[in-house]
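J.: build me a model:
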Amino acid sequence: MTMGTNAEIRVNGRSYRRPTVPTVVICFDGCDPRYIAHGLEANLLPNISRVISQGFYAIADAAMPTFTNPNNMSIVAGAPPKVHGIAGNYYLDRATGKEVMITDASLVASGTILAALADAGARVAAITAKDKLRKMLGSGLKGICFSSERAGEATLAENGIENVEALVGRKAPDMYSPDLSLFVLDAGIKLLEAGRADLLYLSLSDMVQHAAAPGDALADQFNRDVDQRVGRLLELDAVVGIVADHGMTDKSGPDGRPQVVYLETLLNQQFGAGSARVICPITDPFVKHHGALGSFVRVYATSDTPADVLMDAAARIPGVGLVLDGVSAAGRFEMPLEREGDFVAIGDTHTVIGSRPDEHDLTGLNGHKLRSHGGLSEQPVPFMLSRPLSAEYQARVGAQRLRNFDIFDFALNGTA
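T.: Numbers count the residues shown, from 1 in each chain. Sure thing, here's the model as predicted:
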């Protein structure tokens, strides 16, 4: 981080202005553009409709793979995973052969916009639904950083704030409740009302989107509740940016059953036990609603069968939409090469890829159709700002690819 003119900072090669008015960026986790389209058509989102009509709205591309950790880190770093180093929720450590769940900042390889602006004197708060993200997003941050999942445990020393439940006016919610996200928004609103933050990053949970499609009662009510909080942020005269970390797609067949390719099982049946190891980067502590099944996996050749032979076989399996060797995948999708498998496999629009049936518990679906993410189908995401763009930034929209991790640039530098 370096200071520039007009109170600017530089992070990962990009410049950002310090906020002159309260600025809020919401990561609307799992908010596929189809939720916005349905909500507007059904008049469920009056405040988001106002954001769109008075400000700016477009469809942007999320980072690959389209999972929570890589995209939240990309948003706060303003850069793709190859810069910040987080390429999944879960990975294989080649040196030890152990599978590792990412729950801290040990692999974060870059600075963040949040930390840099706090160092420059801005009052910054990052609030997440899931505690697994907190340490990553709060890497180097001298400010407020806590999760709604563990709001009752927040301390000044660890989180820069205490008595969060009293601040919000209710207990920390259940991890599988829609209130896990609404608590994040309510806490951010309370901080703004108290004048305790200049810049907020509010990262929600996609529990509802995994369970309910656009038009389902659960999704409609949740989106109404989010919209109501957006309205309050607008009343507080904040610049509000809303973006998603990934979309969400029905991953079921015509019979409503999950459409799954158990790739490790299929490859080992064809080439012999122990020929391949499949790592599912969607895996995190919140597996109940998706069974650790997403549409992007990393595959490792673990016997004498060459990786290119396994790749060719994987590419021929119905439901597998794209197979790339690790080097090609890292280059095409701007991912850190050191985290790549021998190759990656990406499911088609309505297919998820797993390892073995015994590794994936789908009982938590409780009768819901499997909805998930991770692939190219979930890359388009909503990108909106509550104020119009400057002429310079409006021109940029038509001239370059818009990414979800451009949101801080547009919110801090690009509004008229």
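
J.: am I right that Leu324 sits in a strand?
T.: Yes - assigned with DSSP: H, G, I helix; E, B strand; the rest coil, Leu324 falls within a strand.

J.: go ahead and confirm it touches Glu340.
T.: No - between Leu324 and Glu340 there is no contact under C-beta atoms under 8 Å: 9.5 Å. Any C-beta I mention is one placed from the backbone N, CA and C, and that applies to glycine too.

J.: neighbour count: the two, which is higher?
T.: Ranked by neighbour count (other C-beta atoms under 10 Å), Leu324 and Glu340 place Glu340 first, with 23 against 18.

J.: skip the chain neighbours and tell me the closest residue to that one.
T.: Of all residues not flanking Glu340 in the chain, Gly326 sits nearest, at 3.5 Å (C-beta to C-beta, 6 or more residues apart in numbering).

J.: how near is the one you found to Ser377?
T.: For Gly326, the distance to Ser377 equals 22 Å [C-beta to C-beta, to the nearest Å].

J.: just want to know which of the two has more residues nearby.
T.: Taking other C-beta under 10 Å, Gly326 and Ser377 do not tie; Ser377 has more neighbours (23 against 20).

J.: distance of the residue nearest to that one when sequence neighbours are not counted from His246?
T.: Spatial nearest neighbour of Ser377, chain neighbours left out: Thr349 (4.4 Å); criterion: C-beta to C-beta, 6+ apart. Distance from Thr349 to His246, counting by C-beta to C-beta: 14 Å.

J.: the more surrounded of these two?
T.: His246 (32 against 15).

J.: hang on, that one in a helix?
T.: No - counting by three-state DSSP, His246 is not found in a helix; it is coil.

J.: make residue 1 into 20 and carry on from there
T.: That works, and once the first residue is 20, the last one we named lands at His265.

J.: excluding sequence neighbours, find me the nearest residue to it.
T.: Excluding its sequence neighbours, the residue lying closest to His265 (C-beta to C-beta, 6+ apart) is Thr85, at 3.7 Å.

J.: wait, is the one you found part of a helix?
T.: No - per three-state DSSP, Thr85 lies outside any helix segment and is coil.

J.: quick check: phi and psi at it.
T.: Dihedral pair for Thr85: phi -80, psi 70, per degrees, to the nearest 10.

J.: again, but for Val143
T.: Taking degrees, to the nearest 10, you get phi -120, psi 140 for the backbone angles of Val143.

J.: relative to Ser224, how far out is it?
T.: 21 Å.

J.: look at these two and report which has more neighbours.
T.: Between Val143 and Ser224, counted using other C-beta under 10 Å, Ser224 has the larger neighbour count: 30 against 27.

J.: and for the closest residue to the more buried one other than its chain neighbours, the neighbour number?
T.: Spatial nearest neighbour of Ser224, excluding adjacent residues (C-beta to C-beta, 6+ apart): Ala148 at 3.7 Å. Neighbour count for Ala148, taken as other C-beta under 10 Å: 30.

J.: just the one 3 residues further on next, same as before
T.: Lys151 is flanked by 20 other residues according to other C-beta under 10 Å.

J.: now do the residue nearest to it when sequence neighbours are not counted, the pLDDT please.
T.: Distances taken as C-beta to C-beta, 6+ apart place Thr122 nearest to Lys151, at 4.9 Å, with adjacent residues excluded. Confidence at Thr122, expressed as pLDDT, is 78.

J.: same check, this time on Gly291
T.: For Gly291, the predicted pLDDT is 96.

J.: go on, Ala320?
T.: With respect to pLDDT, Ala320 has a value of 95.

J.: pretty sure Ser391 sits against Thr370.
T.: No - with contact defined as C-beta under 8 Å, Ser391 does not count as touching Thr370 (9.7 Å).

J.: identify the contacts common to these two.
T.: Lys270, Ser314 (C-beta atoms under 8 Å, 6 or more residues apart in numbering).

J.: who has more neighbours out of these two?
T.: Counted by other C-beta under 10 Å, Ser391 and Thr370 do not tie: Ser391 has more neighbours, with 31 against 25.

J.: so who does the residue nearest to Ser224 touch?
T.: Ala148 is in contact with Asp48, Ser166, Ser167, Glu168, Leu199, Ser200, Phe202, Val203, Ser222, Leu223, Ser224, counting by C-beta under 8 Å, 6+ apart.

J.: let's see it at 10 Å
T.: 46, 48, 87, 166-168, 192, 194, 196, 198-204, 221-226, 305 (C-beta atoms under 10 Å, 6 or more residues apart in numbering).

J.: restricted to strands, list those.
T.: Among the contacts of Ala148, the members falling in strands (DSSP state E) are Cys46, Ser166, Leu221, Ser222.

J.: just checking, the first one touches Leu156?
T.: Yes - when contacts are counted by C-beta atoms under 10 Å, Cys46 is listed as touching Leu156 (9.5 Å).
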